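Visitor: I'll drop the sequence and a predicted model, then ask my questions.
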Amino acid sequence: MLLGGSVGVAFGWALQRGRFCVNSAFRDAVLIRDGTLLSTWALAVVVQMLGLQALLGLTGLFEPDVPPLWPAANALGGFAFGVGMVLAGGCASGTCYRVGEGMLGSLLALLGFGLMTVVVDAGPLRPLQDALRTPLLTGTEQAATLPALLGAPAWAVGLGLGLPLLGALLWQAARSRGRAPYQRGWPWLLTGLVLGLIGLLAWVSSAAAGRAYGLSITGPIRSWFLYLTTGDPGLLDWGSWMLLGLIGGAFLAARLSGEAKLRLPPPARTLQALGGGLLMGFGAQLAGGCNIGHGFTGLAVLSLGSLLTTAAIVLGAWTASALLFGGVGERLRALRGRFRAPEPEGAARVPVQPTQVPMEIQTQTTTPKEGS
Amino acid sequence: MSKLATPVEEKAQAKTDTLHKLDVRGEICPYPLTETKKAMAKLGPGERLEVVLDYPLSLETIPRWAQQQGHRVLTIEELGPAEWRILLEKGRDGGES
């Protein structure tokens, strides 16, 4: 309880100060070509992976649990989760830290998330979960990881993938001298590094408590909802306390920096947050994890299921963003406007969006223009 | 709290009129930004937009976006606990949004 809680406080603190939200990361890279948060996420993943693979390769301290590969559940669940987080305005970690900041819309999303994990795992949708969670590699002893697929030792694959990526990120950081125009929170390099290290610490701390996995959010939320409805204290583990610590840590960080306040979005958006939360819970439970369990921790052990889920989350997030905010949605609206009787004004105002270029982590390089 | 580029603001003050206001308090990702984009698209070059928000993430992304678009970030002020005001000026080239 203490182990999990203290890691959680550190995690929540770093999430809040770094504004670490994978939803914003994926969305902003496309929507406004701002790759800052995407770089943060990549750095955090790489630091954790390098640290973990080096640690396990050198010491063999524990045998990490590897999220299984369930192609149908990973893909469908990840996609649903990706769409849901765009609606809810935050991924699992983003939503949790915003609850600490006092965002009541995010609180509603989190409650919806938790409810749906139970509905899918222990409720009426259980048959769907059972049907979709068919493993691809039945009968094999080995966990479904990229190293297993390649037949190479995990540490070698980890270093081989991680070091070049780390180099690219650092090179990019060194090249973009441009200061952010305004920065209250942590700069992205610090956030990525700290989150990566907390992710690594989480593995060790959690393994010491008999749970050979790192940070996750879906499982812990489910554990609280199941515990509160069944009363079985055996359901609570390291992760449950980590989650409580996370929200507390985010609250402390927000409070001390003058960013905590209770606030509520407009009514329609509040409902949208709840809907998004329900969809996130549905997807994350099917896939066996969210953007943290899969998209952060699972990537560190190079799980194929996590790679697939993460890709599906990105795809879902981009689809939903494009429809809601992006060029696609505006073009559709423009098209619809064209079939209507011409309106005196406004209809033609839809700005022509520059076509979406394939995303690259490159917005960092734009040097700030001093005025214009 | 932190003021940004006061000399620039003084210059802008001379341009009198056309201050538009946008209140996105309560909104979270990505609405403060998308609403700002929409509002800026309606402005003419040199016109200013005041955005009032209480969502920390957008407090950093809106200035980044504005700068990237060639708009000017005139001031960023703290209005009260977890409430801020960003003052933007539309760039000369209009900054396609």
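Guide: Now that the structure is in, tell me what you want to look at. Small disclaimer: the values here were computed from a predicted structure and weren't measured.
Visitor: At the geometric centre of chain B, which residue do we find?
Guide: Taking Cα atoms, centre = their mean as the criterion, B:Leu88 is the residue nearest the geometric centre of chain B, at 3.4 Å.
Visitor: Where does it sit: helix, strand or coil?
Guide: strand (DSSP: H, G, I helix; E, B strand; the rest coil).
Visitor: so how many other residues sit close to the residue nearest to it when sequence neighbours are not counted?
Guide: Closest residue to B:Leu88 apart from its sequence neighbours, by Cβ to Cβ, 6 or more residues apart in numbering or on different chains: B:Leu49 at 4.8 Å. Quick note: C-beta positions are derived from backbone N, CA and C, even for glycine. Residues near B:Leu49, counting by other Cβ atoms under 10 Å in any protein chain shown, number 22.
Visitor: Show the contacting residues for B:Leu49.
Guide: For B:Leu49, the contacting residues are B:Leu19, B:His20, B:Lys21, B:Leu22, B:Thr36, B:Ala39, B:Met40, B:Leu43, B:Leu87, B:Leu88, B:Glu89, B:Lys90, by Cβ atoms under 8 Å, 6 or more residues apart in numbering or on different chains.
Visitor: Enumerate every residue touching B:Pro56.
Guide: A:Arg19, A:Glu101, A:Arg184, A:Gly185, A:Ala254, A:Glu259, B:Ala82.
Visitor: Ramachandran angles for the first one?
Guide: Think A:Arg19. Per-residue torsions, A:Arg19: phi 50, psi 50 (degrees, to the nearest 10).
Visitor: ok, how many other residues are close to A:Ile313?
Guide: By other Cβ under 10 Å, 33 other residues sit near A:Ile313.
Visitor: What separation do you get for it and chain B?
Guide: Here the criterion is Cβ to the nearest Cβ, to the nearest Å. By it, A:Ile313 lies 16 Å from chain B.
Visitor: which residues does that residue contact?
Guide: Contacts of A:Ile313 by Cβ under 8 Å, 6+ apart are A:Val22, A:Phe26, A:Gly78, A:Phe79, A:Phe81, A:Gly82, A:Met85, A:Cys290, A:Asn291, A:His294, A:Gly295.
Visitor: after the worst-scoring helix or strand of chain B on mean pLDDT, next one along is what?
Guide: Ranking every helix and strand in chain B by mean pLDDT, DSSP states H and E puts helix B:6-13 at the bottom, with a mean of 48. In the C-terminal direction, the helix or strand that comes right after helix B:6-13 (DSSP states H and E) is strand B:19-23.
Visitor: Okay, now the unreliable bits of the chain?
Guide: Assuming you mean chain A. A:137-142, A:177-179, A:327-372 (pLDDT under 70).
Visitor: Please refer instead to chain B.
Guide: B:1-17, B:93-97.
Visitor: Could you pull out the buried residues of the helix or strand containing A:Leu189?
Guide: Using DSSP H and E, the secondary-structure element containing A:Leu189 is helix A:188-208. For helix A:188-208, burial by neighbour count (16 or more other Cβ atoms under 10 Å in any protein chain shown) applies to A:188, A:191-207.
Visitor: Tell me the helices and strands packed up against that helix.
Guide: Packing contacts for helix A:188-208, counted by 3 or more Cβ pairs under 8 Å, 6 or more residues apart in numbering or on different chains; DSSP states H and E, involve helix A:2-18, helix A:36-59, helix A:238-256.
Visitor: Now render these as JSON lines, adding distance to chain B.
Guide: Listed next are the helices and strands packed on helix A:188-208 as JSON lines, based on distance: least, Cβ to the nearest Cβ, whole Å:
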{"stretch": "helix A:2-18", "distance to chain B": "8"}
{"stretch": "helix A:36-59", "distance to chain B": "7"}
{"stretch": "helix A:238-256", "distance to chain B": "8"}
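Visitor: No further questions, thank you.
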